[in-house]
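*Asks:* no sequence on hand, only this structure:
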């Protein structure tokens, strides 16, 4: 039996043992996640490849419900003795909790096993990939400094089981690379930028992957910066990576369990209504071919399904788990993950920039975590001032202030160009009516 | 409590050169009531064993969740680390000599705080607070009461002969309230309480926090009437709560030596003026005066004794924070800043308890000295940058008009270039407040302490 098969057997047996132990201890319903993984990492810092790291991890997560009272525990290791003790402790914890009729576990929908990606790391290929990027950066982008640059491979086997018959196994392998970047010229230094990409094959050069080459080229331009003059209302062209960060805000504050349980979601009564420009199509799609790390089992134990969030600007679904749906009387969503896909538009990026009267191209947003009212205020990082259709200069100490609900209705154009880094597939989006202020 | 299997391991197998062996267990107990619904009732225990080997300047690290009396199992992890180091050394042939050895010592710290915390007591505590909020303030849109108790236990054996067994508990209560403004939009505010210590030592009676909840309610209702601040550079009084995050984000990260080596703005400014002479900033190891620091570090995860680092003294940048390698590169002394969050993490250069020393002014006179500006009282997240430009969020504050507090403001973000903002410090209050409720993110999360007095500065304010 190969290692992968042994891992699958181990997690399936451990989850079953946990379910049996919780049931024996008195649980009316129970669920268990068991997982085993190996992460292999090469790390570059201080101007050198400095470390090789191997992390073996086994973990279990248990949930028990007795008389509608819930207890949860998470442990490392798959030791049968520890599992039994933890099962009893989880029941004891449940007994002290208040009753909640919405509590439960995943029912059987469609059981199965899914396998994605390479299970064994090729450390030599990873080393070559890292070494090549370091060499190419030194030759082509001599001012760029790589900091905290990591190339890693993770192989995971995980299994979910519940007393309602759910039984789902996922075995996945993936390569990922990430780095902070800055550019240095004597004592002058740029703001930091970065890249993170996921991919199935370490033979591919990192500079050929979406966002990596563009980041290297642009960061060298960003050593000499200045703030914009004064304060004005203008246009904001958001890069794909930055768009992904912005989308986190409505996901957390308008779509998620907590937003609906608390009653603070500004979209709670907007299902089926226009909440964005009709050109916006946004979904959480773990099966998009460009998404390497797509979720296959939801966090609450269901096979992940594609979730259409906004279609032609109309709000189609919230992102509710089984508990959130039961709590609020709504439909459980296909998934609650952030495998975001926004469909491309029809505008060429170059034309979008030429159309800008006065505004910013924003690559990174550094600001307050947006609140439930959708307000966002923060600093535009790695960004450029644009005036009369031309990129004028990279900026510093320049802030933006907007509201996400207004932003979605203020789309001017969506690019035909898309960036796919293995985690998402996103275009450039040009918005209007954003407050931009310098010193 | 972690059992010491490493003593037997070292006797049996010794060390394959420069080596750090670490058994670690993080225990997180979290209960969370959201509008009366118990959305979290969990106990998470993550633990295991790791080895880090350094071979002629190349690092090899390996870890496993399997930590037990199985000496062969422990040895496989150590061998994996040595193999990883050799993989790199055979390719890079750096030829660096081992770190200067440290005199052997043994320490145990905080073990008396390892006491059971029954889940029922956590749930009862937040339930009483939740009931108080519901009864007193029934018109709130929503409320959240959460207890988060994180214990970090580490057992370290190094090839230098350092043995350290430490237990560092942190118990944090978070109360969040959401009201509505005149347009019906949600307006939220939260506050954290607590700090170092076992839950039973930090929290006694929920009624001790009723007055704090009343104060938070008043602040969120003020915020619901808030106006946008004027964008641009403003004269600002920062509450002590914000001084700590200023020290951490504005300065702290730029003087972590790994960031300095990569080119942060801290590097060229050593021994130069970076702040007004009212500013002295220290990264404390384990005590602030006679009081235990919020995140005491007596021995770091490279086996270095924790010592204070005076980062800025009367406005002059004096030091960086190091691990053994960067200290050697720059011919400084390592002072115990190398820390790892989980057993599977390698030590990184981290801040510990970073703060600005109090001055001599009174807060009231500082506010009175501002003709037109702001008093910011609560912060959220923050971020640093290699250029020294920092930002952090402000969740509550007031306009100051002619030396008096005026309208409350909505949340905003403030930013600036650290060494320029610190040169504008005109007044520093004589009080001091510390917190450790946050986590610093830098490849790994980790608890940190932050603190300071109130400060009068000029800073960029986001607004409309």
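*Replies:* Great, that's in hand. Since we're looking at a predicted model, the values are computed, not measured.

*Asks:* from chain A, which residue is nearest to chain B?
*Replies:* Closest residue of chain A to chain B, C-beta to the nearest C-beta: residue A:368 (3.0 Å). The C-beta positions use only the backbone N, C-alpha and C, and glycine is treated the same way.

*Asks:* give the contact list for that residue.
*Replies:* Going by C-beta atoms under 8 Å, 6 or more residues apart in numbering or on different chains, residue A:368 touches A:376-378, B:380-381, B:392-395, B:411-413.

*Asks:* find the nearest non-adjacent residue to it, please.
*Replies:* Spatially, and ignoring its direct neighbours in sequence, residue A:368 is nearest to residue B:393 (3.0 Å; C-beta to C-beta, 6 or more residues apart in numbering or on different chains).

*Asks:* just give me the neighbour total for that neighbour.
*Replies:* Residues lying near residue B:393 (other C-beta atoms under 10 Å in any protein chain shown) number 23.

*Asks:* repeat for residue B:405
*Replies:* Residues near residue B:405, counting by other C-beta under 10 Å: 16.

*Asks:* repeat that for residue A:167.
*Replies:* Residue A:167: 17 neighbours (other C-beta under 10 Å).

*Asks:* thinking it is in contact with residue A:160, fair?
*Replies:* Yes. The pair residue A:167 / residue A:160 is scored as a contact, 7.5 Å apart, by C-beta atoms under 8 Å.

*Asks:* any chance you could map the helices in the chain?
*Replies:* Looking at chain A here, since you left the chain open. For chain A, the helices defined by DSSP state H cover A:3-24, A:80-95, A:123-140, A:212-221, A:240-250, A:257-262, A:322-328, A:349-354, A:404-409.

*Asks:* the intended chain is chain B.
*Replies:* Counting by DSSP H, chain B has helices at residues B:6-13, B:71-92, B:119-136, B:199-202, B:210-224, B:240-245, B:257-262, B:324-330, B:363-368, B:418-421.

*Asks:* right, so the ones you listed: which one is the most enclosed?
*Replies:* Comparing the helices of chain B by mean neighbour count (mean count of other C-beta atoms under 10 Å in any protein chain shown), helix B:240-245 ranks first with a mean of 25.

*Asks:* check the offset of stretch B:279-295 from the chain's centre.
*Replies:* Here the centre of mass of C-alpha atoms in stretch B:279-295, compared against the chain's by C-alpha atoms, centre = their mean, to the nearest Å, lies 12 Å away.

*Asks:* pull out the buried positions in that stretch.
*Replies:* Neighbour counts over stretch B:279-295 (16 or more other C-beta atoms under 10 Å in any protein chain shown) mark B:279-286, B:288, B:293-295 as buried.

*Asks:* just those residues that are near chain A?
*Replies:* Among the buried residues of stretch B:279-295, not one lies near chain A by C-beta under 8 Å from any C-beta of the partner chain.

*Asks:* that older thread, dump the helices of chain B to CSV, plus mean pLDDT and distance to chain A.
*Replies:* Compiled in CSV, these are given as follows (pLDDT from 0 to 100; distance: least, C-beta to the nearest C-beta, whole Å):
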stretch, mean pLDDT, distance to chain A
helix B:6-13, 97, 17
helix B:71-92, 97, 4
helix B:119-136, 96, 4
helix B:199-202, 95, 14
helix B:210-224, 97, 10
helix B:240-245, 90, 12
helix B:257-262, 92, 4
helix B:324-330, 97, 7
helix B:363-368, 98, 23
helix B:418-421, 92, 9
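
*Asks:* looking at these, which is nearest to residue B:353?
*Replies:* When the helices of chain B are compared by C-beta to C-beta, helix B:240-245 sits nearest residue B:353, at 9.2 Å.

*Asks:* show the pLDDT at the residue of chain A closest to chain B.
*Replies:* The confidence metric pLDDT takes the value 83 at residue A:368.

*Asks:* what's the answer for residue A:1, then?
*Replies:* In this prediction residue A:1 is given a pLDDT of 67.

*Asks:* and what of residue B:118?
*Replies:* pLDDT at residue B:118 comes out at 89.

*Asks:* what's near enough to touch residue 82?
*Replies:* Using chain A. residue A:75.

*Asks:* wait, I meant chain B there
*Replies:* Contacts for residue B:82 (C-beta under 8 Å, 6+ apart) come out as B:16-17, B:51, B:53, B:55, B:60.

*Asks:* farthest pair within the residues you listed?
*Replies:* B:51 and B:55 (12.5 Å).

*Asks:* the two: who's more crowded?
*Replies:* When neighbours are counted by other C-beta under 10 Å, residue B:51 and residue B:55 differ, and residue B:51 comes out ahead with 28 against 22.

*Asks:* does the more buried one touch residue B:18 like I think?
*Replies:* No. Using C-beta under 8 Å as the test, residue B:51 is too far from residue B:18 to be in contact (11.2 Å).
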